[in-house]
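S.K.: show me how the following folds:
(2 chains)
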Amino acid sequence: MYRVSFRSIRILLSYELRRITFSDRFRIISVFIILFPTAYIALILSNPTVSIGNLFYHMMNSMIIILYLYNVAIASNLYYKDYEEITIDYIYSQPVSKFEIYICRISSILILNLIGIIILALYSGSSLYILGRFDVNVIPAILYLAILYYVSVVYGIFTGLLNLFIVNTRRTVVVGILLYIILFYINGYIDILYYSGVDSIVKFIIDLLPHRITLLPASAIEYLYEISIGYKVPVPSNLAIASILYLLVGLYLGYRRVVLYDPI
Amino acid sequence: MDKVVLFSHVDKYIMGVRVLKDVNLTVYSRDRVLVYGPRNAGKTILARLVSCVLNRDSGYIEIFGLDPLIYRREILSRLGYVPQYPHIPPNLSAYDSICFRCKLLDVNIDDIIRRVVEYGYGKYLHVRAGKVDTGVLKNILAVSILSMKPDLIVIDDIDGLDSGVIEGLVSEVIEGGATILATSRGRYSGIDFNRVYYIERGVLMEG
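M.R.: Take a look at the predicted model:
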C-alpha cells in the first residue's frame, strides 16, 4: 500500500491531467474567464498610491476568494464525481496503489492551477508591457500576484480535503462550502474580535481560519511598498509556510479517508 | 490445486449497511464460478472486493495467495476486471483508457487494438465515451482486458457481454487456463460453469 513506483505515478499523472482537463474543461475555461481580467490588478500593484479602499483591491480580494472556493469544491468532490460518472471501478482496478491514485489526483489539480497562474502572470506582464507600464517595480508585483493566487489554491485544496474527511455525501459538501462563504461574510465581525485585545492564543486560532486569506492582497501591498495600511497583516512568508503545512494536514486527513478506508 | 481466491468470514459495510454477511468463498485455479442473485444482493460488491477496488471490513481475503491490502499491485497485474458499467471518463475515448492500462502493464497496445477491431468495435475506439452506448463500451473494455490474458478474470454482470465476445474471447481465455469469476442477475448459461453460487441480501450460498 505504501510502495510508490515513479513509473506508475508518471502514467497516472498524465492520465489524470487529461481526464481533468477534458472532463472539467468548461469549469476550467470559466475560471480562466474570471481570472484574466484580474490580471490587470497587476497595474494597481505597480501603483504606490494604492489603498485598501480601492476598487481594484476589492476585486483582487474577491478573485482570491473565488479561486479559493473553487478549489474547495474541486477537492471536496474529488471522489463523489467518480460515483456520478461511474468511473471509480476502472481507475481503482488498475495495478497501482490507492496511495498513488490519491497523490496523482491532488498533484494534477496543483499542476493545472500552477499552469493557469503562470499563464495569468505572463498575460498580465505582457499587458503591462503593451500599455507601457512595464518597469522593474512591476516584476515583483506580478510574481507576488502569482504567489498570492497559488497560496489561495493550496488553502482551498486543504480545506476541500478537510471537507472530504468530515462529510459523507454531496449534500454535506455543499453545506460545507456554504459555511465557508458565510465565514467570508462575517469576516468583518471576526476582525473586530481580533483587534479587541483578545488573548494571543485566540488571535493565533483566528489566524488559522481560512477566511484570513482575504488579508493576502493587503499583505501584498504592505510587502511591496513597505507601507502600513491599517491592518496587522501576517508576514507573507508565514502565510506561504502555513499553506504548505495546511496542505500536509489536509493530505493526511484525505489519505485516512480515501486510502485507508473506502472512498464511498 | 492452487487457491486463486479465498474469502474467509468476510463482512462489508457500505454507508453503515452490512452488504456482505460472513462470506466464505474458495475459487481454485481453472475454476469457472458464477455468482448470481437479484438486484442489490451484493454481487457487484463481491466483484469489487475480489478486484481490490474496495477493502474488506472484517474477515480475511487472499487473491493468488496474497493479501490485497498489501499486494494490490501484484494482484491487479494478474487480474482482469470487467466492471458492470463501462467506467470510462465521459470526455476521454475508449482508446485513452486502453492505452493507460497497456502502459501500466507494459503491454503492446497494437495487439490489443487489433483484437478490438477484429470484434467489430474499431469505429468506436476514438469516440468520446460519453457519446458511445454503454453496452458497446463494456464490450470494448472486455475485449481489451481479456486480450491481455489475465490469470483471473472477474466479469461483473456477464449478461451485458455480446455472445460473440463470450464464444470467442472468453472461451479462448478459459481454454488458455485462466480462472473466471462472473456475476449475473439470473442463472447464466452461455458458459459451462463448474461451480455456481447464489447470493441474496449479502449472504452467499451454494447454488
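S.K.: tell me the buried residues in stretch B:56-65?
M.R.: B:56, B:57, B:59, B:61, B:62, B:63, B:64 (16 or more other Cβ atoms under 10 Å in any protein chain shown). C-beta coordinates here come from the backbone N, C-alpha and C atoms, glycine included.
S.K.: please apply the same query to stretch B:30-49.
M.R.: Buried residues in stretch B:30-49, defined by neighbour count with 16+ other Cβ under 10 Å: B:30-37, B:41-49.
S.K.: how about the secondary structure of the residue nearest the centre of chain B?
M.R.: The centroid of chain B falls nearest to residue B:154 when counting by Cα atoms, centre = their mean (2.5 Å). The three-state label given to residue B:154 by DSSP: H, G, I helix; E, B strand; the rest coil is strand.
S.K.: quick one: contacts for residue B:65?
M.R.: Residues counted as contacts of residue B:65 (Cβ atoms under 8 Å, 6 or more residues apart in numbering or on different chains) are B:2, B:3.
S.K.: which parts of chain B sit against chain A?
M.R.: Applying Cβ under 8 Å from any Cβ of the partner chain, we find that chain B lies next to chain A at B:14-15, B:48, B:51-55, B:69-70, B:72-77, B:79, B:81, B:83-92, B:96-97, B:100-101, B:103-105, B:141.
S.K.: buried ones in the helix or strand of chain B with the lowest mean pLDDT, by neighbour count?
M.R.: None of the helices or strands of chain B scores lower by mean pLDDT, DSSP states H and E than helix B:163-165, at a mean of 77. By neighbour count on 16+ other Cβ under 10 Å, the buried set for helix B:163-165 is residue B:165.
S.K.: swap in stretch A:102-115?
M.R.: Across stretch A:102-115, burial judged by 16+ other Cβ under 10 Å covers A:102, A:103, A:104, A:105, A:106, A:108, A:109, A:110, A:112, A:113.
S.K.: go through those residues and name the one nearest chain B.
M.R.: Of all the buried residues of stretch A:102-115, chain B sits closest to residue A:104, with 11.8 Å by Cβ to the nearest Cβ.
S.K.: what about that closest one, helix or strand, and which?
M.R.: For residue A:104, the host element (DSSP states H and E) is helix A:98-130.
S.K.: now do residue B:6
M.R.: Per DSSP H and E, residue B:6 falls inside strand B:3-14.
S.K.: coming back round to it: report the two of the buried residues of stretch B:56-65 separated the most.
M.R.: The span of these, defined through Cβ to Cβ, is set by B:57 and B:64 at 21.7 Å.
S.K.: please identify which of the buried residues of stretch B:56-65 is nearest to chain A.
M.R.: Checking those against chain A by Cβ to the nearest Cβ gives residue B:57 as the nearest, at 8.9 Å.
S.K.: residue contacts, the closest one?
M.R.: Contact partners of residue B:57, counting by Cβ under 8 Å, 6+ apart, are B:11, B:12, B:13.
S.K.: of all the buried residues of stretch B:56-65, which comes closest to residue A:80?
M.R.: Closest approach between the buried residues of stretch B:56-65 and residue A:80, by Cβ to Cβ: residue B:57, at 21.0 Å.
S.K.: got phi/psi on residue B:196?
M.R.: phi -130, psi 130 (degrees, to the nearest 10).
S.K.: hang on, it packs against residue B:207?
M.R.: Yes. Between residue B:196 and residue B:207 there is a contact under Cβ atoms under 8 Å: 4.8 Å.
S.K.: if we can go back for a sec, show me what the strand holding residue B:6 is packed up against.
M.R.: strand B:17-28, helix B:43-50, strand B:58-63, strand B:179-184 (3 or more Cβ pairs under 8 Å, 6 or more residues apart in numbering or on different chains; DSSP states H and E).
S.K.: now those in TSV, with mean pLDDT and distance to residue A:161?
M.R.: Putting the helices and strands packed on strand B:3-14 into TSV (pLDDT from 0 to 100; distance: least, Cβ to Cβ, whole Å) gives the following:
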stretch	mean pLDDT	distance to residue A:161
strand B:17-28	89	26
helix B:43-50	90	24
strand B:58-63	90	28
strand B:179-184	90	34
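S.K.: tell me if I'm right that residue A:121 and residue A:148 touch.
M.R.: No. Counting by Cβ under 8 Å, residue A:121 does not reach residue A:148; the two are 10.8 Å apart.
S.K.: ok, these two, which is more surrounded?
M.R.: Neighbours per residue, other Cβ atoms under 10 Å in any protein chain shown: of residue A:121 and residue A:148, the larger number sits with residue A:148, 25 against 20.
S.K.: next, give phi and psi for that one.
M.R.: Main-chain dihedrals, residue A:148, degrees, to the nearest 10: phi -60, psi -50.
S.K.: what sits against the residue nearest to the centre of chain B?
M.R.: Residue B:154 is in contact with B:47, B:50, B:51, B:79, B:80, B:81, B:82, B:181, B:182, counting by Cβ under 8 Å, 6+ apart.
S.K.: same thing but at 10 Å, please
M.R.: Contacts for residue B:154 (Cβ atoms under 10 Å, 6 or more residues apart in numbering or on different chains) come out as A:93, B:5, B:33, B:46-51, B:53, B:63, B:79-83, B:145, B:179-183.
S.K.: report pLDDT for it.
M.R.: pLDDT, residue B:154: 91.
S.K.: again with residue A:48
M.R.: Here, the pLDDT recorded for residue A:48 equals 57.
S.K.: next one: residue A:28
M.R.: We have a pLDDT of 61 for residue A:28.
S.K.: swap in the one 4 residues further on?
M.R.: As summarised for this prediction, residue A:32 has a pLDDT of 63.
S.K.: so residue A:142 sits in a strand?
M.R.: No. Applying three-state DSSP, one finds residue A:142 to be helix, outside a strand.
S.K.: helix, strand, or coil at the spatially most central residue of chain A?
M.R.: Centroid check for chain A by Cα atoms, centre = their mean gives residue A:153 as the closest residue, at 1.3 Å. Following three-state DSSP, the label given to residue A:153 is helix.
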